[in-house]
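Colleague: build me a structure from this.
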Amino acid sequence: MKLEADYRPEFESLKGLLLAMAQERSVDVLLRMIVDRLAERPHVALARIWLMAPGDLCSECYMRADCRDQTACLHLSASAGRPEADPSADWSRITGRFRRIPVAAPRGKVGQIAATRQTISIEDIERDSRWIADPAWAQREGIRGFAGQPLVCRDELLGVLAVFTRIPYPGDGLAWLRLIADHAATAITNARAFEEIENLRRRLEAENVYLQEEIRGEHDFEEMIGESPALRAVESKVQQVACTDATVLIQGETGTGKELVARAIHSLSARRDRPLVKINCAAISAGLVESELFGHVKGAFTGALERRQGRFELADGGTLFLDEVTELPVETQAKLLRVLQENEFEPVGSSRTLRVNVRIIAATNRELEDAVQTGRLREDLFYRLNVFPLVVPALRERRSDIPRLATFFLARYAKQFGKRVDAIGPDTMELLVKYRWPGNVRELQNVIERAVVIADTPVLRLDPELLRSPSSGDRPSSPARTDVESLAELERRHIVGTLERTGGVIQGPTGAARLLGLHPNTLRSRMKKLGIRGPGHDMP
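Modeller: Residues are numbered from 1 along each chain as shown. Prediction:
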């Protein structure tokens, strides 16, 4: 097609593009629209848009030597054109040699446009080829002109828009390219804002489900179950502190229900209509914990492709539950202390200070005095957290609650698994009450769940093996002891009790060694060391 010297009708036809850009809310769709509509013009061979983005995303870059600090560079984000020398070439791809261009690269016209924020145009490449990186390609494709315009909105450099033409680039065309570039920059900024709003809306919808249901989902009982004096004392303290904004420090062994207590405090407080946000400080790597707590801005570190809200922002107006708080890195503890003192913080990578109104409930299963002495917990943070200490009793300290808890879990899992298991046998209940429960309520819950899975009668009967704990030498038939025993005495009593139940048999499928999880020779050695004699006072 012969191109007329009068280019103006072609640019006039792009007026509709300006309106379409203003209405688009997706950045990717917008960029694609711009380059496609520009490339439809008969005189345009190739149209491309580069956007500014972090500069450390590529493992290899042929222009790395020209990139001064490698923190930000131009990323090819949209491309469209019509190759003539090689019709099979794909000019819409955004990979290849020019996918990354350093700002102010001495060899690149696009990088110079970004650095100076000034237009660069080549009216006729045949007379002026100093800015052409590949003159052979330009000659093959009949490229005659070039123009590039910075994309700037509110004094922020967003990227570069460039076109290659098959006619000498007309001087008056720069005004139209500048108009398109200015509209494009505004449209990109608006589309990013719309996308961020939409992402926040979706995130908030998902997070609201998390905020309202996460703790309920992790706990299989909806309220604290039991009537024991120890539990009643906890409930009384919960009632006392819930109506205040005091910081609460919950201590207790693993599996006692510290998280459940935190939810009860929040549910009874004036903040109950705002979210309760949980973070397990022990489950997050030291490098990410600050981002989880305080959030980060786009580009704060490798992989930070968008702004992220931290847990403090999510909990604004509500409650933040810091589980296993002693596992926080000491550096992060200093920032947490500032939030507790001043209710403000800066997201990672940002200099903007955010203020929040958050109530803190912390929990730990460690001895805090020891954590302070060893330097795992800052002393000043300990005093900030320990405003209202609350200790959750171990299950062995509230044995009268075990039947109600066991019955509750039985009904739940029988319904969940579709099994008809209606009651717990008296012998089984006695075993449950006498066992020490080193894993507390969580261990009881798991034991009942396993027992229901294998149950084949309406009355639940428990295999004593289910009560074996890797961290405890107690057997379910051993009554609770209140006196202090040595480890050897506990082990001796444990072995003797097992031998009594097996009639002195050590080996075999029903022997004491199998029940104890020991090799028969190992058991004989332990018996000899502890002075335990077999039947007839002879070693079996």
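Colleague: make it CA atoms for all contacts and neighbour counts henceforth
Modeller: Fine.
Colleague: which regions of the stretch 401-540 of the chain sit below the pLDDT cut-off?
Modeller: By pLDDT under 70, the low-scoring segments of the stretch 401-540 of the chain are 468-490, 517, 533-540.
Colleague: what segments of it are strands?
Modeller: Read by DSSP state E, counting those that start in this stretch, the stretch 401-540 of the chain holds these strands, from start to end of the chain: 423-424, 459-460.
Colleague: which of these is buried the deepest?
Modeller: A comparison of the strands of the stretch 401-540 of the chain by mean neighbour count, using mean count of other CA atoms under 10 Å, puts strand 459-460 on top with a mean of 20.
Colleague: so what does that one touch, helix or strand wise?
Modeller: Judged by 3 or more CA pairs under 8 Å, 6 or more residues apart in numbering; DSSP states H and E, strand 459-460 is in contact with strand 423-424.
Colleague: now do the strand it packs on: distance to the chain's middle.
Modeller: How far strand 423-424 lies from its chain's middle: 41 Å, per CA atoms, centre = their mean, to the nearest Å.
Colleague: partner strands of it, with direction?
Modeller: Sheet pairing of strand 423-424 (DSSP bridges) gives strand 459-460 (parallel).
Colleague: okay, the strands of the stretch 401-540 of the chain in JSON lines with distance to R232 next?
Modeller: As requested, the strands of the stretch 401-540 of the chain are exported to JSON lines (distance: least, CA to CA, whole Å):
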{"stretch": "strand 423-424", "distance to R232": "25"}
{"stretch": "strand 459-460", "distance to R232": "29"}
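Colleague: go through these and name the closest to Q112.
Modeller: For these, distance to Q112 was read as CA to CA. The smallest value, 78.4 Å, belongs to strand 459-460.
Colleague: hmm, who's touching that closest one?
Modeller: 421-425, 428, 451-452 (CA atoms under 8 Å, 6 or more residues apart in numbering).
Colleague: of the residues you listed, which is the most crowded?
Modeller: Within those, V452 tops the neighbour count with 28 neighbours, counted by other CA atoms under 10 Å.
Colleague: any idea how far A78 is from that one?
Modeller: 59 Å (CA to CA, to the nearest Å).
Colleague: do the same with E327
Modeller: 46 Å.
Colleague: out of the two, which sits in the more crowded spot?
Modeller: Using other CA under 10 Å, the more surrounded residue of E327 and A78 is A78, with 25 against 19.
Colleague: A helix includes that one, no?
Modeller: No - according to DSSP: H, G, I helix; E, B strand; the rest coil, A78 belongs to no helix; its state is strand.
Colleague: can you spell out which residues form a bridge with it?
Modeller: Those that pair with A78 in a beta bridge, by DSSP bridges, are I49.
Colleague: contacts only, for it.
Modeller: 31-32, 35, 48-50, 92-94.
Colleague: quick one, what contacts V163?
Modeller: 44-48, 146-148.
Colleague: redo that, cut-off 6 Å
Modeller: 46-47, 146-147 (CA atoms under 6 Å, 6 or more residues apart in numbering).
Colleague: of the residues you listed, just say which sits nearest to L444.
Modeller: A47 (66.9 Å).
Colleague: residues near the closest one, how many?
Modeller: 27.
Colleague: need the mean per-residue confidence for the helix or strand it falls within.
Modeller: Using DSSP states H and E, A47 sits within strand 44-54. On average, the pLDDT along strand 44-54 is 90.
Colleague: how far off centre is it?
Modeller: 33 Å.
Colleague: cool, stretch 145-161 as well?
Modeller: 36 Å.
Colleague: before we move on, what about stretch 285-293?
Modeller: Worked out by CA atoms, centre = their mean, stretch 285-293 lies 9 Å from the chain centre.
Colleague: and that stretch, which residues are buried?
Modeller: 286, 289-293 (16 or more other CA atoms under 10 Å).
Colleague: what ranges does the stretch 101-250 of the chain have for its helices?
Modeller: 109-116, 135-141, 173-218, 229-242 (DSSP state H, counting those that start in this stretch).
Colleague: the shortest one - contacts with which helices or strands?
Modeller: Contacting helix 135-141 under the criterion 3 or more CA pairs under 6 Å, 6 or more residues apart in numbering; DSSP states H and E is no other helix or strand.
Colleague: please state the offset of it from the chain centre?
Modeller: That offset, for helix 135-141, works out to 49 Å (CA atoms, centre = their mean).
Colleague: again, but for the first one
Modeller: Helix 109-116 has its C-alpha centroid displaced from the chain centroid by 38 Å (CA atoms, centre = their mean).
Colleague: now do the buried residues in that helix.
Modeller: For helix 109-116, using 16+ other CA under 10 Å, the buried residues are 109-114.
Colleague: how about the shortest one?
Modeller: By neighbour count, with 16+ other CA under 10 Å as the criterion, the buried positions of helix 135-141 are 138, 141.
Colleague: what comes into contact with that helix?
Modeller: 84-85.
Colleague: for that helix, list the C-alpha coordinates in CSV.
Modeller: The C-alpha trace of helix 135-141 is given here as CSV (Å, rounded to 0.1, in the frame of the first residue of the first chain):
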residue,chain,number,x,y,z
PRO,A,135,19.9,-0.8,11.3
ALA,A,136,19.8,-4.1,9.4
TRP,A,137,16.3,-4.9,10.8
ALA,A,138,15.1,-1.3,10.0
GLN,A,139,16.3,-1.7,6.4
ARG,A,140,14.7,-5.1,5.9
GLU,A,141,11.4,-3.9,7.3
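Colleague: need the mean per-residue confidence for that helix.
Modeller: 85.
Colleague: the first one now?
Modeller: If you average the pLDDT over helix 109-116, you get 88.
Colleague: same check, this time on the third one
Modeller: Confidence over helix 173-218, taken as the mean pLDDT, stands at 74.
Colleague: of the helices of the stretch 101-250 of the chain, which is nearest D380?
Modeller: Of the helices of the stretch 101-250 of the chain, nearest to D380 by CA to CA is helix 229-242, at 21.9 Å.
Colleague: got the buried residues for that closest one?
Modeller: 230-231, 234-235, 238, 241-242.
Colleague: let me know the closest of those residues to L523.
Modeller: A230 (39.2 Å).
Colleague: and the closest one, how far from G418?
Modeller: Counting by CA to CA, the gap from A230 to G418 is 34 Å.
Colleague: okay, strands next: where are they in the stretch 201-350 of the chain?
Modeller: Counting by DSSP E, counting those that start in this stretch, the strands of the stretch 201-350 of the chain are 248-251, 276-280, 319-323, 344-345.
Colleague: give me the sheet partners of the shortest one and which way each runs.
Modeller: Based on DSSP bridges, the pairing partners of strand 344-345 within the sheet are strand 354-355 (antiparallel).
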